[in-house]
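Undergrad: Can you look at this prediction? I've put the sequence above it.
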Amino acid sequence: MTTKDFTANVISATKVVPDGNFKTSKASGVWDINEALDLIKGGNWPNAANIDPAAFVDALFSTFLYDGTGSNLEINNGIDLSGSGGLVWVKRRNGSDGHWLVDTERGLNKSLQSHSAAANNTNSDQIVSFDSDGFTLGNRNEGQNYSGLPYVSWTFRKQPKFFDIVTYTGNGNTNRTISHSLGSVPGMIIVKKTNAAKNWYIYHRGAHASNSGNYYGVLNLTEVFYENTNIWGANPTSSVFTVQGNDENNGDGESYVAYLFAHNNDDGGFGEPGDQDIIKCGTYTGNNSTTGPVIDLGFEPQWIFIKHIDSGGGGGDSSFIFDNMRGVATGGGDPSLSPNAAQDEQNASNDMLDFNASGFQLKRANSNVNGDSKNYIYMAIRRGGMQTPTAASDVFEATAMSSSSLANTGFAVDMSIDSVRASSSSNFINDRLRGSGVYMNTDGTTAEQTGGSREFDSNQGVIYTSAFTGINWAWKRARGYFDIVAYSGTGSNRTVAHNLGVAPEMMWVRGRDDSYNWSVYHSATGNTKYLELDGNGGANTASASYWQETDPTSSVFSVGNRSSLNRSGENFIAYLFATATGVSKVGSFSHTNGSTTDVDCGFTGDTPSFVLLKRYNTTGSWVVFDSARGIVAGNDSFLKLDTTDAETTGNDVIDPLSGGFQVASGFLATGDWIFYAIAATS
């Protein structure tokens, strides 16, 4: 056997996962030589569906919102706690019940509270099982599962280069090293004595510029970081951390738990390409401005912990947690919870910070997160959706609404469009980045409005304040399929970063603060043309002020100085769509009225769940079909995104076709058409 053959055979039977070990390969058992070479050269993963789930942040961390029931309640968040171990952190959102932390190392009946120095609480009915897809709450009302009250849970799974838990018994020795399995140098460590009352002590890699390891913070108090050589001693390594001979973290015969959080620095090894970071621990200095520091993480966060660390904190030195499930609205309110306090959510109407495609920016002038010349530490966790979807049902759902107020998708929705079917009404578009209750219309130029009746549920879909008769189309962000970008205009030619992971083939872009048309880029019309989502016109010739006559790439798209795309100081939103094999298809076709046209989308057999059509060589509306209302071999119902028209019925426009759809012979006009289709979801 040649060396080449041997290498190919070995790699065909193995794959790399973030802990650096080789594990069994995809179900088919063999990668061909080209796939193997891609892996060797650090290219894209051959098949995302067959990568170990631990490669993706979705399997390692979850923010899950729920309403208590007062009885056993399964929380299915996709995190394997029974097999891998981890930490569950629960907080009631609207009251003074405290933070409760339960982990697999101390066991089900032991809980700690991050706002309290108290020892382990012993309860048998708060979390009754760690499951392969989450955890199950017991019937304990206090703090975790009171009937009808809203809660947030944050779940961290143990995984090299992400998170680890260590329990140990102190021995009173100085410079004692404690082994851990994080597999990288920790970015932050939190230690708590468990058998008696003692504060929570924090190590953070960026607590001070000297990074000497001799600085500590206290999680449960509003205190700055202090220098003290009797707490940590030497900086941690990839295999140990050091404690001193004191009661805080190494008292003789005392019991402790340590939570270790990694810091990826272009060495995480996660994601579909296998070269992505998912957690960062860093620092910044505030400027007391609404245009505060911009923090480059190299990824869009979903969860951030922030704490002021030096003197002169003004309103106090609390720590704060923000997450995108409770809401970090770009340009809107950002509810926070403080690990050191039992109080309810704060800052719900204050714009504290914005998440962006490559990090976050502080937006409020205050001492809590952005005091003038004040120093802060942070820990940030990457947003999910790092993998290309393999099933449309994971990322899209069309729901025909009638007597229900819930569009039940079964996933956390990132964008939705809804329309009334029976009467004239606008089409409303909402997204998680701009926040619940914030909407625009696809059929008009009115600026962004607030007070809408739609709310994004963490786990189920879109909730309406009352029963709604119409249609809801819902998307989840995912690599290679769909992304959303919020950005501020500069008035000058620039690129805008995105996390689609591939070059977008269609983009809808709109200014949020004023009356603008929707500008649409489509790969079929190219970078010298544009369409308008709110109009039925054909493709217009675009000057360089639109797309700079430059196609988007896998990491950025280009805009010129046109006001509707990049006016200085204005806020913009962009929706990016791509072809994900077997899930979605962006394309074009030519059609002659009187003949049928087969459109192959590369789907497997079934009728598409969503089809959007637009004639672009001349006028034609943006016409939408979906499986919830029926795509059949006969008359189809459709709505138009560019008008307030009621649903049109009684016309045979498209028919089912294995792998795609067929344009019927007698309705669509002769011309060139663009389309966007999504595969069947059931």
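TA: Arrived safely, thanks for sending.
Undergrad: From the chain's centroid, how far away is stretch 371-383?
TA: Centre-to-centre, stretch 371-383 and its host chain are 19 Å apart (CA atoms, centre = their mean, to the nearest Å).
Undergrad: which stretches of this structure aren't confidently modelled?
TA: Residues of the chain meeting the criterion pLDDT under 70: 1-50, 208-213, 312-316.
Undergrad: And for residue 426, nearest residue in space, chain neighbours not counted?
TA: Distances taken as CB to CB, 6 or more residues apart in numbering put residue 441 closest to residue 426, at 4.3 Å, once the chain neighbours are dropped. For glycine as for every other residue, the C-beta is placed from the backbone atoms N, C-alpha and C.
Undergrad: How about the contacts made by the one you found?
TA: Contacts for residue 441 (CB atoms under 8 Å, 6 or more residues apart in numbering) come out as 426, 427, 428, 429, 534.
Undergrad: Could you export those to a markdown table, including columns for distance to residue 105, neighbour count and secondary structure?
TA: What follows is the contacts of residue 441, written out as a markdown table (distance: CB to CB, whole Å; neighbours: other CB atoms under 10 Å; DSSP: H, G, I helix; E, B strand; the rest coil):
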| residue | distance to residue 105 | neighbour count | secondary structure |
| --- | --- | --- | --- |
| 426 | 53 | 17 | coil |
| 427 | 51 | 28 | strand |
| 428 | 47 | 21 | strand |
| 429 | 45 | 25 | strand |
| 534 | 55 | 22 | coil |
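Undergrad: Tell me which two of the residues you listed sit farthest apart.
TA: 428 and 534 (13.0 Å; CB to CB).
Undergrad: Could I get the full set of helices for this structure?
TA: For the chain, the helices defined by DSSP state H cover 3-12, 33-40, 81-84, 367-370, 544-547, 563-566.
Undergrad: mind listing what's buried in stretch 170-179?
TA: Under the neighbour-count criterion of 16 or more other CB atoms under 10 Å, stretch 170-179 has 170, 176, 178 buried.
Undergrad: same deal with stretch 250-270?
TA: By neighbour count on 16+ other CB under 10 Å, the buried set for stretch 250-270 is 250-251, 254-264, 268-270.
Undergrad: Among the residues you listed, find me the one that's closest to residue 352.
TA: Distance to residue 352 across the buried residues of stretch 250-270 (CB to CB) is lowest for residue 261, with 21.6 Å.
Undergrad: ok, the closest one - contacts?
TA: Contact analysis of residue 261 by CB under 8 Å, 6+ apart lists 162, 163, 186, 187, 188, 189, 190, 279, 281, 379.
Undergrad: if you look at the residues you listed, which of them are in strands?
TA: Judged by DSSP state E, strands contain the following of the contacts of residue 261: 163, 186, 187, 188, 189, 190, 279, 281, 379.
Undergrad: Run a quick neighbour tally on the third one.
TA: It stands for residue 187. Residues within reach of residue 187, counting by other CB atoms under 10 Å, total 24.
Undergrad: pretty sure it is touching residue 259, no?
TA: No. Residue 187 is not in contact with residue 259 according to CB atoms under 8 Å; the separation is 11.8 Å.
Undergrad: Name the nearest residue to the residue most central in space within the chain, ignoring sequence neighbours.
TA: Nearest to the geometric centre of the chain sits residue 383, at 3.4 Å (CA atoms, centre = their mean). Among residues not flanking residue 383 along the chain, residue 302 sits closest, at 4.1 Å (CB to CB, 6+ apart).
Undergrad: for residue 175, same thing?
TA: Spatially, and ignoring its direct neighbours in sequence, residue 175 is nearest to residue 233 (5.3 Å; CB to CB, 6+ apart).
Undergrad: can you tell me how far the nearest residue to residue 613 once chain neighbours are set aside sits from residue 220?
TA: The spatial neighbour of residue 613 that comes closest, neighbours along the chain excluded (CB to CB, 6+ apart), is residue 623 at 4.8 Å. Distance of residue 623 to residue 220, computed by CB to CB, to the nearest Å: 58 Å.
Undergrad: how many other residues sit next to the nearest residue to residue 516 once chain neighbours are set aside?
TA: Leaving aside its sequence neighbours, residue 516 sits nearest to residue 564 (CB to CB, 6+ apart; 4.3 Å). Look at residue 564: counted by other CB under 10 Å, it has 23 neighbours.
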